[in-house]
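Asks: Structure here, sequence nowhere to be found:
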C-alpha cells in the first residue's frame, strides 16, 4: 500500500492523546503549592505584595465622631417642627484637627468644617448650603432629621476588627486603608524567584550578528517582563544552545536557585530537542499535548523542589501558555487567595474565523465598544504562532471554545481583555 502511516498532529480534526485546556490547568494547579515564607516590609513598598498575616485594627476609624460636610453642628432637640423656622446663634467655629472643648447649649449652633470633631452634646449637622445666614445667626427649616451628616466613631472600622485577610494582594485603596490605621510595617509573602532561559542554536542574543536561519530571542524578554509585572524576582539565565551538557548544567543551577523555572523551545519531538531527554532524567516532568492553538506541546512538572514550565518555542505560544497556565499557578504559589477578576466579555465578531472543533483557540483580537454600547472584536490579522505582532497589536484574546467550530461574521464570541491579565 502506497500510504504513509501519519502520527497525530495539531492539523488533525480530532487529535488523540490530548488534554483539554481545563484538564491541563487542573493538573498543574493540583501540583503547585503556596510558598510559606514571610518578610516584614514598609507600607510604602507594599503595592501588589501579598499579605502574609491579616491586618487588624488597634483603633476606631474614624477615631471620633466628625462632620461629613461643611455646615453647622446643632442639638437635634433644636430642629424645628413641621412648618416652623428656627433661628440659632453661632457661638464658635471648629475646624479639622482642632477640637472644640466648650459645651454647646440648647438653642445654639457651632460652625463646623468637614472632618472636624463633633462638639460635646451636638449630634446633627446642617449643611451650610441649607441654611439662611443673617449676621451671626442661622435660620433652618423642618426638612432635616436627627443625626444627619455625622460620621460616627468606628463607623468604618472598629478596634479589634480584621480589615484585610492574609492572602490579599494589596491594591492602592488597601494600602490607603492600612495607612489609615497608622500601620507602617506589614508582613507579606516573600517574592517568588523565577529562572528564565531560552534554548536553541538558532536563537541569538543582542549584539550577535544575524545569519541565515537564526532569530533574535524575544521569548526570554516576554517571560521576564511578565514575571516582573507579577512581582517575581527574575534570574536571567540567558540562551542555552542545543548541547546536552550545557542544558543539564542550566537546569541544575536553576533548580538550586529558583522556585520556578521557565524555558521556551525544546519540548516537541524534534531530534535536536534535548530538553525533553534531559528533563526525563532530571525531574518528574510531564510532556503533554494540549488541545489548544497556539501552544500544543507543553512540559510541566518538578526539578527537585522547583516547578518547571516548558513553553513551546513560538513567541505567541509562549505568551498564550504563560497567561492561561502559568499565571494561575503563580498566583497560587504566591498565596493569593482571591486573585483579581479576569473578566470574560461577550462580543460580536466582525469577521469570519475558521476553526476546527476539538481544541481551544486563543486568537488575538482588538476589542472595542460601538456607539450603541455593544462590544465588537476583530482579529489582529495573521494569527500564526510565530507572529508576535499579533499580540503586540491586540488588547484581548478571542477564546474559541473546545467544541466550537468556525465563526461567522456577527456571531457572539468570548473575549478575555488583556487589562485583566497584564
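Replies: Here it is on my side, so go on. Because the structure is predicted, anything quoted here is derived from the model rather than measured.

Asks: And residue 194, what's its pLDDT?
Replies: Listed pLDDT for residue 194 reads 98.

Asks: Which residues belonging to the host helix or strand of it are considered buried?
Replies: Using DSSP states H and E, residue 194 falls within strand 193-199. Neighbour counts over strand 193-199 (16 or more other Cβ atoms under 10 Å) mark 193-199 as buried. Every C-beta, even on glycine, is put in place using the N, C-alpha and C of the backbone.

Asks: Which neighbours in the sheet does that strand have, and how are they oriented?
Replies: Strand pairing for strand 193-199, determined by DSSP bridges: strand 233-240 (parallel), strand 260-264 (parallel).

Asks: Which of those strands sits closest to residue 160?
Replies: The closest of these to residue 160 is strand 233-240. By Cβ to Cβ, the value is 35.9 Å.

Asks: Mind giving me the packing neighbours of the helix or strand just after the closest one?
Replies: Sequence order places helix 244-257 as the next helix or strand after strand 233-240, per DSSP H and E. Using 3 or more Cβ pairs under 8 Å, 6 or more residues apart in numbering; DSSP states H and E, the elements in contact with helix 244-257 are strand 193-199, strand 233-240, strand 260-264, helix 274-282, strand 297-303.

Asks: Adding distance to residue 324, write the ones you listed out as TSV.
Replies: Output for these, formatted as TSV (distance: least, Cβ to Cβ, whole Å):
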stretch	distance to residue 324
strand 193-199	17
strand 233-240	20
strand 260-264	14
helix 274-282	21
strand 297-303	10
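
Asks: winner for burial among the ones you listed?
Replies: Among the helices and strands packed on helix 244-257, ranked by average contacts under mean count of other Cβ atoms under 10 Å, first place goes to strand 260-264 (a mean of 27).

Asks: Tell me the secondary structure at residue 328.
Replies: helix (DSSP: H, G, I helix; E, B strand; the rest coil).

Asks: thinking again about what came up before, can you list the residues that contact the strand holding residue 194?
Replies: Contacts to strand 193-199, defined as Cβ atoms under 8 Å, 6 or more residues apart in numbering, come from residues 217, 219-220, 223-224, 227, 232-242, 247, 250, 253-254, 257-266, 275, 306, 313.

Asks: Quick check: next helix or strand after that strand?
Replies: Using DSSP H and E, the next helix or strand after strand 193-199 towards the C-terminus is strand 203-204.

Asks: secondary structure class for the residue nearest to the spatial centre of the chain?
Replies: The chain has residue 340 as the residue nearest its centroid, 4.4 Å off, counting by Cα atoms, centre = their mean. The three-state assignment at residue 340 reads coil, by three-state DSSP.

Asks: of all the helices and strands packed on helix 244-257, which lies closest to residue 81?
Replies: Going by Cβ to Cβ, the one of the helices and strands packed on helix 244-257 nearest residue 81 is strand 233-240, 68.7 Å.

Asks: The closest one relative to helix 244-257, how many degrees between them?
Replies: 180 degrees (axes from the mean of the first three to the mean of the last three Cα atoms, to 10 degrees).

Asks: Can you give me the pLDDT of the nearest residue to residue 327 once chain neighbours are set aside?
Replies: With Cβ to Cβ, 6 or more residues apart in numbering as the criterion, residue 327 has its nearest non-adjacent residue at 6.9 Å, and that residue is residue 421. According to the prediction, residue 421 has pLDDT 78.

Asks: Same check on residue 383?
Replies: 83.

Asks: part of a strand, is it?
Replies: No: per three-state DSSP, residue 383 lies outside any strand segment and is coil.

Asks: Break down the stretch 101-250 of the chain into its helices, ranges please.
Replies: Listed in chain order, the helices of the stretch 101-250 of the chain (DSSP state H, counting those that start in this stretch) span 172-179, 219-229, 244-257.

Asks: and the second one, what other elements does it pack with?
Replies: Secondary-structure packing of helix 219-229 (3+ Cβ pairs under 8 Å, 6+ apart): strand 193-199, strand 233-240, strand 260-264, helix 315-321.

Asks: how distant is the lowest-mean-pLDDT helix or strand in the chain from the center of its chain?
Replies: Least confident helix or strand, the chain: helix 274-282 with a mean of 78, by mean pLDDT, DSSP states H and E. Centroid separation for helix 274-282 versus its chain: 33 Å, with Cα atoms, centre = their mean, to the nearest Å.

Asks: Same check on stretch 104-120?
Replies: So, by Cα atoms, centre = their mean, the centroid of stretch 104-120 is 45 Å from its chain's centroid.

Asks: Distance across that stretch, terminal residue to terminal residue?
Replies: 7 Å (Cα to Cα, to the nearest Å).

Asks: Now do the contacts for residue 282.
Replies: 248, 251-252, 255, 303.

Asks: at 10 Å what do you get?
Replies: By Cβ atoms under 10 Å, 6 or more residues apart in numbering, the contact set of residue 282 is 247-248, 251-252, 255, 301-304, 308.

Asks: list the contacts for the nearest residue to residue 347 once chain neighbours are set aside?
Replies: Nearest non-adjacent residue to residue 347, counting by Cβ to Cβ, 6+ apart: residue 375, 3.8 Å away. Residue 375 makes contact with 345-348, 367-369, 396, 412-413, 415, 417 under the criterion Cβ under 10 Å, 6+ apart.

Asks: Mind checking which of the residues you listed are buried?
Replies: For the contacts of residue 375, buried by 16+ other Cβ under 10 Å: 347, 367, 396, 413, 415, 417.

Asks: Between which two of the residues you listed is the distance greatest?
Replies: 413 and 417, at 13.0 Å, using Cβ to Cβ across the buried ones among the contacts of residue 375.

Asks: between the helices and strands packed on helix 244-257, which one is nearest to residue 209?
Replies: Between these, strand 233-240 lies closest to residue 209; by Cβ to Cβ that is 14.8 Å.

Asks: Format the helices and strands packed on helix 219-229 as CSV; extra columns: distance to residue 292.
Replies: Formatted as CSV, the helices and strands packed on helix 219-229 follow (distance: least, Cβ to Cβ, whole Å):
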stretch, distance to residue 292
strand 193-199, 21
strand 233-240, 26
strand 260-264, 16
helix 315-321, 8
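
Asks: Quick check: which of these is nearest to residue 157?
Replies: Comparing these by Cβ to Cβ, strand 233-240 comes nearest, at 33.5 Å.
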